[in-house]
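**Q** test case, fold it:
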Amino acid sequence: MHLGHPHDHAAPAVSADATRPDGSRRALRIGLGGPVGSGKTATVAALCRALRDRLSLAVVTNDIYTREDAEFLLRHAVLPPERIAAVETGACPHTAIRDDISANLEAVEDLEEAVGPLDLILVESGGDNLTATFSRGLVDAQVFVIDVAGGDDIPRKGGPGVTTADLLVVNKTDLAPYVGSDLDRMARDAREQRGDLPVVFTSLTGEDGVAPVADWVRERLAAWTSAGAA
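**A** As a prediction, the model looks like this:
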């Protein structure tokens, strides 16, 4: 199920820091946020599998006191170990992605220095609430992941993550019959909250379930690359 389309949303602007100190084009940075248990890490893993054969990519994960999400990605061998970095925030997750982004900036810059040139860096936030947003000084676009098991009223409740993210992902649609979530209602509420901003519904248990998110990422990357060549 899709609402809107990536073409409905403006292409990413070329930010002032779009080039690295040596003058080369830096990687596109996409942040993934959302509540605990919504499937952010599973989405990152699925994106890595879908994109790694054609793109040079890396991942930065955020956890409060552990490396849990990075270790999940390492166990599942979605990328070589040197392409996965972990940030231990030591505070609420949104602090490190919105308020004091220095640790994450250092992590993405170190990855580019170590394994670059990169096309794409995925920055995964620790599990947060509906107010979680990324600083535009850290990422060029934001994905917000919710899941149907959290309640089909989440899109209606809104919050900056739901209403302003460049892409809203409603995950775990396969669970809808078991938790009493109405996907049509979620779709209507999301449309009312987001207008033309795109929404996709995913189930990572299905074959190629991450495809709509991967397609959106490819379109963002194409726009980013075109802007750099202009």
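**Q** the most centrally placed residue in the chain: which element?
**A** The centre of the chain sits closest to L32, judged by CA atoms, centre = their mean, with a distance of 2.5 Å. Element membership for L32 (DSSP states H and E) is strand 28-33.
**Q** helices or strands up against the helix or strand just after that strand?
**A** Counting by DSSP H and E, the next helix or strand C-terminal to strand 28-33 is helix 40-51. Secondary-structure packing of helix 40-51 (3 or more CB pairs under 8 Å, 6 or more residues apart in numbering; DSSP states H and E): strand 28-33, strand 57-63, helix 68-75, strand 120-124, strand 141-147, helix 211-229. C-beta here means a position set from N, CA and C on the backbone, and glycine is covered the same way.
**Q** tabulate these in TSV, adding columns for mean pLDDT and distance to V87.
**A** Listed next are the helices and strands packed on helix 40-51 as TSV, based on pLDDT from 0 to 100; distance: least, CB to CB, whole Å:
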stretch	mean pLDDT	distance to V87
strand 28-33	97	12
strand 57-63	95	5
helix 68-75	94	9
strand 120-124	98	9
strand 141-147	97	17
helix 211-229	93	21
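**Q** export those as TSV, with columns for distance to A86.
**A** Shown next, in TSV, are the helices and strands packed on helix 40-51 (distance: least, CB to CB, whole Å):
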stretch	distance to A86
strand 28-33	15
strand 57-63	5
helix 68-75	4
strand 120-124	10
strand 141-147	19
helix 211-229	21
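**Q** list the beta-bridge partners for the residue nearest to the centre of the chain.
**A** Bridge pairing for L32 (DSSP bridges) gives the partners E124, V143.
**Q** check contacts around it.
**A** Residues counted as contacts of L32 (CB atoms under 8 Å, 6 or more residues apart in numbering) are K40, T43, V44, L122, V123, E124, S125, Q142, V143, F144, V145.
**Q** quick one: V59 and P81 touch, right?
**A** No. Using CB atoms under 8 Å, V59 is not in contact with P81; the gap is 10.9 Å.
**Q** who has more neighbours, the two?
**A** Comparing V59 with P81 by other CB atoms under 10 Å, the one with more neighbours is V59, at 27 against 10.
**Q** and the residue nearest to D182 when sequence neighbours are not counted, helix, strand or coil?
**A** Spatial nearest neighbour of D182, chain neighbours left out: D152 (5.0 Å); criterion: CB to CB, 6 or more residues apart in numbering. Secondary structure of D152, reduced to three states by DSSP: H, G, I helix; E, B strand; the rest coil: coil.
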